[in-house]
Each structure stands twice: as C-alpha cells, then as structure tokens.
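# Only the shape, not the letters, is given here:
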C-alpha cells in the first residue's frame, strides 16, 4: 500500500474527528460556556456553533428554564422563643450564564442556602401568630432579599412558597384550645345579640300595640262624643220644632182648650204614677182639692201662651 495514501487517509480521518469535535449543537433554552486554554472565551447560543478543537472546551452547561428547588426543612425560632419547622419551594432562573459560571461554584446550591438563612432571620423577627398568618409577607420578603443577593450569581429568583409550618405539639394543642374558646365566645356573643334584638323587637311590638290601642280608644271616644253631640243636637232640634208646633197650635181656634185638657190629663197621670211608685209621699196641703190644682196648671199654661203671643 502506498504510504502517501495512508497519510492522506489518516489526515482525512483526523480532520473529520477534529471537525466533529469543533461542532457543538446547543439545545433551545440552554447556554454553554466555552473556555480557551482555561479562560472564558464566549457563550454558545442555541443552535449550531463552531469551536476550535483541543484549544476550546465547553466548561459549563446551564439550563435557562425556570427551575424549582426544594428547600429542606429547617428549625426556626420565633420572636416569642417558639421552635417551628419550615420547608418550602424556591423557583429560580439563570439569566446570566457567565455570572452563574464564575460568580459562585454552584449558583443553585448557593441560592438554596441563602434562602434558608433569610427564612431563619425573618421568622426570628415575628411572633408565632404572625408567622402563621403572614405567609405571603414572608414569601415576598425572602424573594426580595434573595433576588438582590443573587444578581452577582446570574440567577433571577422568581418566587418562594412556604409549604409547611409545623409548631410543637403542645403549641398546637394550646392553639386548638384557644380557637375553641374563641368560637365559644363568639357563639355566646351572637346568642346575646340575638336575645337583645329579640327583646327589642318584642318591646317595640308591645309599644306599637299599646299605641294602636290608645289611638283606637281615642278615635272611639271621639266618635262617641260626636254621636252624643249629634244626638243632643237632634233632640234639641226636635224639641224646638215640637215647641214651635205647640205654639202655633195654641194660636189656632180651640188650641188653648185642647192644651188645657192635655195638661189636666198629664197632671192626673203623673200624680197617679207617684202614688204607685212609693208608699211614702209628701204632697201639698190642698192635694185633696184636685180641681184647684188643675186650675193652677191652667193658669201656668195661660201665662205661657201670653208670653208666646207677646
């Protein structure tokens, strides 16, 4: 075999090997850091890239997608000296591959450790009740502090979510007793408010009832008074009309004689009624002389007629 041919084949194979090692295909949402002889050279973008074999090497490969990190459970001490266990999930994204490669040895681990440190610090500033009721505030505080510190590491902290907060069992039992007592207190208050409102409604009903009764009684008295007044007026008008009729009759012929006869009959009837109604009766001395008494009645009638005529 010709030596020159062998050399050519070897050179072709070597060239092919070198070319294959010089070509790099970077996936989408990834970034590769290239070093030339140990120094940073460039960052390979997604797609086909060409590097110099042997001289250039891919030192770091980073995933630029959002990455969740489990923050391990840790014991924190609150401001009121209560030990609680807290764990969570941290969501980060590498935005600067060069800073992530050279800012720290492991950016994700660094962010996780910093998250635990910040969590212990923030929990130590709050009472237990505040920690349990302000998860959103703690999450926002941790994200703000981590994002500020992680800029030099090329990492963007997107959000942090606390998963579990576990106080000691004796604290949990005390909280349950407190919640039960608070619920019973609210129930008693609600019942007392209901009783109060019921009493108010009953008293308002009674008051309105008495007002209605008084108003009805007043209207009834007014109607009775109006009826009595109307009756008196009617009687007075009838009496006046009767007297006018009597007066007109006395002016006619024979009217006086008729009046005398009627007076005599009424007088006798009245005295007879008095005698029947009582066993004891005081009478004038001349009671036996009935004609004289009738005569006296006639004189009264004649005097009345004279006044009417006048």
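Happy to help now that I have it. Since the model is a prediction, treat every value here as computed from it, not as a measurement. Numbering: from 1, shown residues only.
# pLDDT on whatever helix or strand residue 239 lives in, on average?
Per DSSP states H and E, residue 239 falls inside helix 169-251. If you average the pLDDT over helix 169-251, you get 82.
# what are the ranges of the helices in the stretch 1-150 of the chain?
Here the stretch 1-150 of the chain has its helices, by DSSP state H, counting those that start in this stretch, at 3-22, 97-102, 107-123, 128-133, 135-149.
# Mean pLDDT and mean neighbour count added to these, as JSON lines?
For the C-beta atoms, the positions are set from N, CA and C on the backbone; glycine is no exception. What follows is those, written out as JSON lines (pLDDT from 0 to 100; neighbours: other CB atoms under 10 Å):
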{"stretch": "helix 3-22", "mean pLDDT": "71", "mean neighbour count": "10"}
{"stretch": "helix 97-102", "mean pLDDT": "91", "mean neighbour count": "19"}
{"stretch": "helix 107-123", "mean pLDDT": "90", "mean neighbour count": "18"}
{"stretch": "helix 128-133", "mean pLDDT": "84", "mean neighbour count": "16"}
{"stretch": "helix 135-149", "mean pLDDT": "88", "mean neighbour count": "17"}
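# correct me, but residue 108 touches residue 69?
Yes. Residue 108 lies in contact with residue 69 (CB atoms under 8 Å); the separation is 6.0 Å.
# what sits in contact with each of those two?
Jointly contacting residue 108 and residue 69 under the rule CB atoms under 8 Å, 6 or more residues apart in numbering are residue 92.
# Could you tell me how far the residue nearest the centre of the chain is located from residue 183?
Centrality entry for the chain: nearest residue to the mean C-alpha point is residue 190, 14.4 Å, by CA atoms, centre = their mean. Using CB to CB, to the nearest Å, we find residue 190 at a distance of 10 Å from residue 183.
# Next: residue 46.
Residue 46 sits 59 Å away from residue 183, taking CB to CB as the criterion.
# Would you mind telling me which of the two has more residues around it?
Each of residue 46 and residue 183 has its neighbours counted (other CB atoms under 10 Å); residue 46 has more, 14 against 10.
# and residue 122, what is it in contact with?
Contacts of residue 122 by CB under 8 Å, 6+ apart are 138, 141-142.
# domain assignment for this protein?
What automatic domain parsing lists as the domains of the chain is 3-63, 67-167, 174-240, 252-309.
# Please work out which of those is packed deepest.
domain 67-167 (a mean of 17; mean count of other CB atoms under 10 Å).
# Ends of that domain, what's the gap?
End-to-end distance for domain 67-167: 29 Å, by CA to CA, to the nearest Å.
# what does stretch 159-175 give?
One end of stretch 159-175 to the other measures 30 Å (CA to CA).
# Now find how far off-centre it is within its chain.
Here the centre of stretch 159-175 is set off from its chain's centre by 30 Å, with CA atoms, centre = their mean, to the nearest Å.
# Next: stretch 57-69.
In terms of CA atoms, centre = their mean, the centre of stretch 57-69 is set 51 Å apart from its chain centre.
# any residues touching that stretch, and which ones?
Residues contacting stretch 57-69 (CB under 8 Å, 6+ apart): 24, 29-36, 44, 51, 89-95, 97, 100-101, 108, 111-112, 115, 158.
# Same check on stretch 93-111?
The contact list for stretch 93-111, computed with CB under 8 Å, 6+ apart, reads 31-33, 40, 43, 59-60, 62-67, 69, 90, 92, 146, 150-158.
# from the chain's centre, how far out does that stretch sit?
50 Å.
# how far away is the residue nearest to residue 48 when sequence neighbours are not counted from residue 45?
Once flanking residues are discounted, residue 48 sits nearest to residue 25: 5.6 Å by CB to CB, 6 or more residues apart in numbering. As judged by CB to CB, residue 25 and residue 45 stand 11 Å apart.
# what does residue 168 give?
Distance, residue 168 to residue 45, using CB to CB: 53 Å.
# Can you read off the backbone torsions of residue 163?
phi -90, psi -50 (degrees, to the nearest 10).
# Does it touch residue 88 like I think?
Yes. Residue 163 lies in contact with residue 88 (CB under 8 Å); the separation is 5.3 Å.
# Wait, residue 162 touches residue 85, no?
No. Look at residue 162 against residue 85 with CB under 8 Å: they stay out of range, at 11.2 Å.
# Any figure for the gap between the closest residue to residue 70 other than its chain neighbours and residue 189?
Excluding the flanking residues, the one nearest residue 70 by CB to CB, 6+ apart is residue 89, at 6.1 Å. Taking CB to CB as the measure, residue 89 falls 41 Å from residue 189.
# On the pLDDT front, check residue 297 for me.
Residue 297 carries a pLDDT value of 55.
# repeat for residue 49
With respect to pLDDT, residue 49 has a value of 88.
# Distance check, it against residue 107.
Distance from residue 49 to residue 107, counting by CB to CB: 23 Å.
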